[in-house]
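Colleague: Quick one, structure for this:
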Amino acid sequence: MFKESQSTKDVSHLQGRDRDDVVDCTFASRYMSEPIPKSVMPESSIPANVVHQVIKDLRTLDARPNLNLASFVTTWMEPQAQELIMDSLNINFVDTDEYPSCQEISNRCVAMLAQLFHSPSVDALGNGDAVGAPTVGSSEAIMLSGLAMKKRWQERRAAENLDTTKPNLIMGNQTHVCWEKFCRYWDVEARYVQVEEGRYCATPELIAARCDENTIGVVSVFGSTYTGEFEDTEALDAMVTKMNKENGWNIVIHVDGASGAMVAPFVYPDVKFDFRLDNVASINISGHKYGLVYPGLGWAIWRDAEALPESMVFYCDYLGTVERSITLNFSRGASQIIAQYYQLLRLGREGYRKIMINLTSIARHIKKAIEKTGHFEILSQDVGVPLVAFRLNKIKGNHGGEHRRLYDEFQLADRMRIAGWILPAYKMPEGAEHVKLMRITIREDFSMTMADQVIQKLNESVEWLDNHFTISKDELNDMATHAIGKQFSRMDSKVLRTVSGLLRPC
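Modeller: Numbers count the residues shown, from 1 in each chain. Prediction:
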């Protein structure tokens, strides 16, 4: 007759209970051997340790943030800043009566930035009526600034009994996609200055040629996402002054300083892009880029109260006090705003200057090293955001002529990713879409040692591609079109036989 063992007696108290409720080992849980719901909320709860491990495992193959050279966004902050962020994660910024310090901190940041950009609304000590607002990245700041330009134009036209239904905005087509969103969402005609090979920014003359009485404003891109280049805002300001005087218009400039506005004041202080120029009405800044704060923060700064229509300002009193609101949303966390205040106080002008000069020095070092390889052509400018944009150059064959490589920047980016480095490969916008390029973006946590490592890996990747049969889709289609008069969607033996005669050693 079966006799109950001691081990069976030891677990008798678990009868009627789910064993997983008392198993401490995460990987002994049944949840680790069964599929976790992906798009349907589970009927039953799952232990915290299991969910924690599942999500960590899901993110295992993500890139390391400090090796992501595609992003401009801050990936490192001091421990003290991170502690302040954690302490305020549960603070809703709009609850100003309950958390009055957060609004005060935001106001101080706006005043500091307005003074940095020479706003006439504040004096040298930051005293005065600085006009601005924290936003969720530069995208919201751009929406608000664009709306301010549109409403000023509409109000002025309405006062003169003129048509207000056909507003337009002039900008280079290398602008960030959020400008396209603004024009589409708010019914503004977008008039673009197309780039062309060798000219990857808009010029004042090309912008002026597209302006008319319905132009609500022009955009100066102060730090192109593609090449880091600064548009000449000072020359644009002179052109706008001339147009306004000759035509009786009141066109203003918005400076998209998402990347460059927190670089130029410290590295290129003589470059005028801000409120020192008479026609600059507003500037957007990405606090989470070279403002050196973790993702989720932007700033919209206006020249003065006149530049921001009163019709955009809301006054709310249902949280216990009357507060001015200039946002597209309402609730938002306070942690990034607090982190920005930490950085502005902690670093000061001296600290930002040292960091930005250091990043610029590293960018110049990388540029020289890339040029020295002989494999690349530099497309970024010496003055601009600290980055290096480049493309593969042509190579000389045995016959002495130049020809394109069989592989392209996208395949080189794939090789770099195998080693953990994320270098974006992309095409220029319409007008120069045939130009493919790559970019190395320099951030605070990117050292000179890392710069040397990425250059070494670039050289190794090019050597590997040079010595293995690798061909880009574009090159393959070119060959197929030349050989059989059409492109194809997949490789097969017939295509290989057809194009094989076109392939020869270089």
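Colleague: From residue 169, how far off is residue 186?
Modeller: 10 Å (CB to CB, to the nearest Å). C-beta coordinates here come from the backbone N, C-alpha and C atoms, glycine included.
Colleague: got any residues that touch both of the two?
Modeller: residue 146 (CB atoms under 8 Å, 6 or more residues apart in numbering).
Colleague: For these two, work out which one has more neighbours and name it.
Modeller: residue 169 (26 against 14; other CB atoms under 10 Å).
Colleague: which strands and helices sit next to the strand or helix carrying that one?
Modeller: Element membership of residue 169, judged by DSSP states H and E, is strand 168-172. Applying 3 or more CB pairs under 8 Å, 6 or more residues apart in numbering; DSSP states H and E, one finds that strand 168-172 contacts helix 177-185, strand 189-193, helix 204-208, strand 215-221.
Colleague: change it to 7 Å
Modeller: Judged by 3 or more CB pairs under 7 Å, 6 or more residues apart in numbering; DSSP states H and E, the packing partners of strand 168-172 are strand 189-193, strand 215-221.
Colleague: now for those strands, which one comes closest to residue 295?
Modeller: strand 215-221 (21.2 Å; CB to CB).
Colleague: Quick check: next helix or strand after the closest one?
Modeller: Immediately after strand 215-221, counting by DSSP H and E, sits helix 233-247.
Colleague: Which of the residues in that following helix are classified as buried?
Modeller: 233-234, 236-237, 239-240, 243-244 (16 or more other CB atoms under 10 Å).
Colleague: what's the angle between it and strand 215-221?
Modeller: 160 degrees (axes from the mean of the first three to the mean of the last three CA atoms, to 10 degrees).
Colleague: can you give me how far the longest helix along the chain is from the chain middle?
Modeller: Longest helix of the chain, by residue count under DSSP state H: helix 335-373. Centroid separation for helix 335-373 versus its chain: 16 Å, with CA atoms, centre = their mean, to the nearest Å.
Colleague: quick one, helices of the protein?
Modeller: 6-10, 48-58, 79-87, 100-116, 137-159, 177-185, 204-208, 233-247, 264-267, 335-373, 409-418, 448-466, 473-484, 493-499.
Colleague: Quick check: mean pLDDT of the last one?
Modeller: Same thing as helix 493-499. Here helix 493-499 scores 54 as its mean pLDDT.
Colleague: All further residue positions should be reported with the first residue as 200.
Modeller: In the new numbering, first residue 200, that becomes helix 692-698.
Colleague: if we can go back for a sec, okay, angle between the longest helix of the chain and helix 299-315 too, please.
Modeller: Using the same axes, to 10 degrees, helix 534-572 lies at 40 degrees relative to helix 299-315.
Colleague: where in the protein is pLDDT low?
Modeller: 200-223, 516-522, 669, 678-679, 681-705 (pLDDT under 70).
Colleague: Find the residue at the geometric middle of it.
Modeller: residue 271 (5.4 Å; CA atoms, centre = their mean).
Colleague: sorry, back to before: any chance of the buried residues of helix 432-446 in CSV, with distance to residue 317 too?
Modeller: CSV is the format used below for the buried residues of helix 432-446 (distance: CB to CB, whole Å):
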residue, distance to residue 317
432, 13
433, 13
435, 17
436, 13
438, 20
439, 18
442, 23
443, 21
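Colleague: ok, of these, which one's closest to residue 464?
Modeller: Distances from residue 464 to the buried residues of helix 432-446, taken by CB to CB, are shortest for residue 432, at 13.2 Å.
Colleague: Surely residue 584 is in contact with residue 458?
Modeller: Yes. Applying CB atoms under 7 Å, one finds residue 584 in contact with residue 458, separated by 4.7 Å.
Colleague: neighbour count winner among those two?
Modeller: Neighbours were counted for residue 584 and for residue 458 using other CB under 10 Å; residue 584 has more, 31 against 26.
Colleague: Assess the claim that residue 514 and residue 525 are in contact.
Modeller: No. Counting by CB under 7 Å, residue 525 is not a contact partner of residue 514; they are 10.6 Å apart.
Colleague: The two: who's more crowded?
Modeller: Taking neighbours as other CB under 10 Å, residue 514 and residue 525 compare with residue 525 leading, 17 against 8.
Colleague: how much space between that one and residue 305?
Modeller: 11 Å.
Colleague: Also residue 289?
Modeller: The value you get for residue 289 to residue 305, if CB to CB is used, is 17 Å.
Colleague: Residue 670 now?
Modeller: 54 Å.
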